[in-house]
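*Asks:* 3D, please:
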Amino acid sequence: MSLHALLTLFTLGMAAGWTPGPNNALLASSGVKFGLRRTVPHALGVGLGFPVMVFLVGLFLGAAFQASALLRDVLRYGGAAMLLWVAWKIASAGGLGSSTGPIRPFRFHEAVAFQWINPKGWVMAISLTAQFMNPAHIWLTALMVAGVFLVVGLSSAFGWAALGTGLRRFLAKGHRMRIFDITMGAVIALGVVVLLRG
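*Replies:* Now for the predicted structure:
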């Protein structure tokens, strides 16, 4: 992979990794509700889980998903349904300390598994690996693409979790937490709608 292609991949990865989406909304919400220290396993699960997914997609699954409309539809609509459920759970949470909200942050393995049902993740993994994979050096380019997403993923995961943690005191007053929960749920739901229309 040329330096120009690597810089292009990194730029696209930063734009995709830092924009609001299901992972980032969940990380910000976890940072608000549980603080940064308790959100670390979730952030690591996202930051490490997505590059592993990108690597495996680049090696094995990209061509299969591009060739099979049924597989794409199952992933697309099944993942969308799961994300809408997650959006509802976040939007209907009762605020800090509420018994109606999540009782604990995502565990590492749950955050890793979540990557495999996240439609935004699949769109990114398949489209970017398809653009940057070199069939003559498939292992090397799969590792390079995954390596870029390792850097991007860890930085954005911890960045969004820290943002949520920083907002914790501000959101503890009045109805601000309720508004935040509804906003994060709406961001996820809107992302699902955009992905389904695309």
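
*Asks:* quick one, strands of this protein?
*Replies:* Shown for the chain, no strands are assigned by DSSP state E.

*Asks:* where does pLDDT dip in it?
*Replies:* Confidence mapping of the chain against pLDDT under 70 gives the ranges 1, 61-67, 71-72, 75-76, 79, 93-102, 130, 135, 195, 198.

*Asks:* okay, helices next: where are they in it?
*Replies:* Ranges of helices in the chain, per DSSP state H, are 3-18, 22-56, 62-67, 69-91, 108-114, 119-132, 138-171, 176-197.

*Asks:* and the residue nearest the centre of the chain?
*Replies:* The centroid of the chain falls nearest to residue 23 when counting by C-alpha atoms, centre = their mean (3.1 Å).

*Asks:* please identify the most buried of the helices of the chain.
*Replies:* For these, the largest average neighbour count (mean count of other C-beta atoms under 10 Å) is found in helix 22-56, namely a mean of 23. C-beta here means a position set from N, CA and C on the backbone, and glycine is covered the same way.

*Asks:* and residue 116, how many neighbours does it have?
*Replies:* Counted with other C-beta atoms under 10 Å, residues neighbouring residue 116 total 16.

*Asks:* what residues does it make contact with?
*Replies:* With contact set as C-beta atoms under 8 Å, 6 or more residues apart in numbering, residue 116 has these partners: residue 53.

*Asks:* roughly how far apart are it and residue 153?
*Replies:* From residue 116 across to residue 153, the span is 15 Å (C-beta to C-beta, to the nearest Å).

*Asks:* with residue 14 instead?
*Replies:* From residue 14 over to residue 153 the distance is 10 Å, taken as C-beta to C-beta.

*Asks:* and for residue 131?
*Replies:* Residue 131 is 18 Å from residue 153, where distance means C-beta to C-beta.

*Asks:* likewise for residue 178?
*Replies:* Residue 178 sits 30 Å away from residue 153 when distances are taken as C-beta to C-beta.

*Asks:* repeat that for residue 147.
*Replies:* Going from residue 147 to residue 153 by C-beta to C-beta gives 10 Å.

*Asks:* common neighbours of these two, please.
*Replies:* Shared contacts of residue 147 and residue 153 (C-beta under 8 Å, 6+ apart): residue 51.

*Asks:* correct me, but the residue nearest to the centre of the chain touches residue 117?
*Replies:* No - using C-beta atoms under 8 Å as the test, residue 23 is too far from residue 117 to be in contact (11.4 Å).

*Asks:* who touches both of those two?
*Replies:* Counting by C-beta under 8 Å, 6+ apart, residue 23 and residue 117 have no contacts in common.

*Asks:* residue contacts, residue 110?
*Replies:* By C-beta under 8 Å, 6+ apart, the neighbours of residue 110 are 42, 45.

*Asks:* do the same with residue 10
*Replies:* Residue 10 sits next to 148, 151, 152 when contact means C-beta under 8 Å, 6+ apart.
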